[in-house]
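Colleague: I would like to see how this sequence folds:
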Amino acid sequence: MGTMLSSALLMLTLLLLAAAGVVAFYLVGRWRRSRQMVPEDVREIWELSRAIEQDPHDAEAYYGRGLIYGERGAYEQAIRDYSRAIELKPDFALAYIDRGVAYGEAGQLRKEIADHSKAIELDPDDPLPYTNRGVAYRNLGQYEQAIRDHSRAIELDDEYALAYVNRGVAYNEKGDLDRALADYDKAVGLSPDYALAYVNRGKNYIDLGEYEKAVADCTRAVELDPDDPLAYTNRGVAYDALGRHELAIEDHTRALELDPAFALAYVNRGVALANVGHYEQAIEDHDRAIELEPESASSYLNRGVAYLESRALQKAVGDFRKAVKLDPANATAHYNLACAYAVLKRGRDSVQSLERAIALEPDLSEDARVDEDFENVRGDERFARLVMGL
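Modeller: Residues are numbered from 1 along each chain as shown. Here you go, the predicted model:
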């Protein structure tokens, strides 16, 4: 890999570490108390449907069929069945909880909050709807409310490992990594075989820069749940940060074998491939990630770096501009766009983008001061004023 764009690539890798955790927590944030009731045999749907035909007022049958639909990802059908169960049995707290979960999985977070709030009203001593509602608040970026709900769940059951994990997630996304670590440690202490706790603590170690510990936690998660693609791709991120790029590629590939539609694994494998100079393959992975999640700024940002390294400069600019449009507060996107403009000798555009990056993240001025990408604009007095303070 050439040296011209090394700083931009480093910035990109840091971005990906943050991105990995978002998916991790979104995938595992909610839990149904009655999950063990979900039957594996699809014939149960037929049997429950027949029970409903025989007794259209059987709320439990509608609820049971809703569980099966929800487990299979058929959220609209699940919501219909839960709603019918609630019509027949208005004090059916579990139906509100599981309908809330289905609303959350379908992206209807306000409706999820309303359902969990109703469940709390019906049974204020049940910790489950508090921690589920906390997940919804976190997904809305309302971290203080999320932490309050998870804390209430813990007050009701101080051995509730999931509530500690979920509160740890909220602390992590809020930037309070020490409190997040304390919650994950508590969850592991309460439930030493809880894969979810290890995956999320591993992500927290990535954010702390303790990559060997992250590898250890994600490895433990893989041992406990070898079919979880998230544990592999998070471990891959840690390997990549340690310079073990081939191991990273293997982990991301395994994640994709388990879930071929896992956009984040494509993004992370693309970064690892770029780190060993395989830019065409990296671009192919980012193309696939964009197909799966066309509104993901990180995918465009990563592909832009691969284009930049392979000297497809105009394509790089296009991707960085798209990343900025999707996420205007992303300092890394503005910084990398400034790098690309500088290489193209577009001094005014470079300085403008760098100015936005530094406004968002002032420490980037130190990076720009020594970054070889800006060699073409160092003589520009605007660059000197912005970066050198002259």
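Colleague: what about Arg72, distance to Tyr63?
Modeller: 15 Å (Cβ to Cβ, to the nearest Å). Any C-beta I mention is one placed from the backbone N, CA and C, and that applies to glycine too.
Colleague: One more: Asn200?
Modeller: Going from Asn200 to Tyr63 by Cβ to Cβ gives 30 Å.
Colleague: between the two, which one's more packed in?
Modeller: Neighbour totals were compared for Asn200 and Tyr63, and Asn200 leads with 31 against 25 (other Cβ atoms under 10 Å).
Colleague: Cross-check the contact I'm expecting between the more buried one and Val169.
Modeller: Yes. Assessed by Cβ atoms under 8 Å, Asn200 is found in contact with Val169 at 6.2 Å.
Colleague: For the stretch 251-390 of the chain, which residues score under the pLDDT cut-off?
Modeller: 389-390 (pLDDT under 70).
Colleague: domains for this protein, by residue range?
Modeller: 34-125, 328-390 (automatic domain parsing).
Colleague: Among those domains, which comes closest to Ala261?
Modeller: domain 34-125 (11.9 Å; Cβ to Cβ).
Colleague: For the closest one, the averaged confidence score.
Modeller: The average pLDDT for domain 34-125 rounds to 88.
Colleague: Run the chain-centre distance for it.
Modeller: Here domain 34-125 is found 26 Å from its chain centre; the criterion is Cα atoms, centre = their mean, to the nearest Å.
Colleague: just stretch 224-232 next, same as before
Modeller: 15 Å.
Colleague: Return that stretch as CSV; C-alpha atoms alone will do.
Modeller: C-alpha atoms of stretch 224-232 as CSV (Å, rounded to 0.1, in the frame of the first residue of the first chain):
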residue,chain,number,x,y,z
LEU,A,224,-20.5,-20.3,23.0
ASP,A,225,-22.4,-19.5,19.9
PRO,A,226,-20.6,-20.6,16.7
ASP,A,227,-23.5,-19.6,14.5
ASP,A,228,-23.4,-15.9,15.4
PRO,A,229,-21.9,-13.9,12.5
LEU,A,230,-21.5,-10.8,14.7
ALA,A,231,-18.9,-12.4,16.9
TYR,A,232,-16.8,-13.3,13.9
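Colleague: what sits against Lys118?
Modeller: 93, 96 (Cβ atoms under 8 Å, 6 or more residues apart in numbering).
Colleague: okay, now Arg65: neighbour count?
Modeller: The burial count for Arg65: 25, using other Cβ under 10 Å.
Colleague: and the helix or strand hosting it, what does it pack onto?
Modeller: Assigned by DSSP states H and E, Arg65 belongs to helix 59-71. With contacts defined as 3 or more Cβ pairs under 8 Å, 6 or more residues apart in numbering; DSSP states H and E, helix 59-71 has these neighbours: helix 43-54, helix 75-88, helix 93-105.
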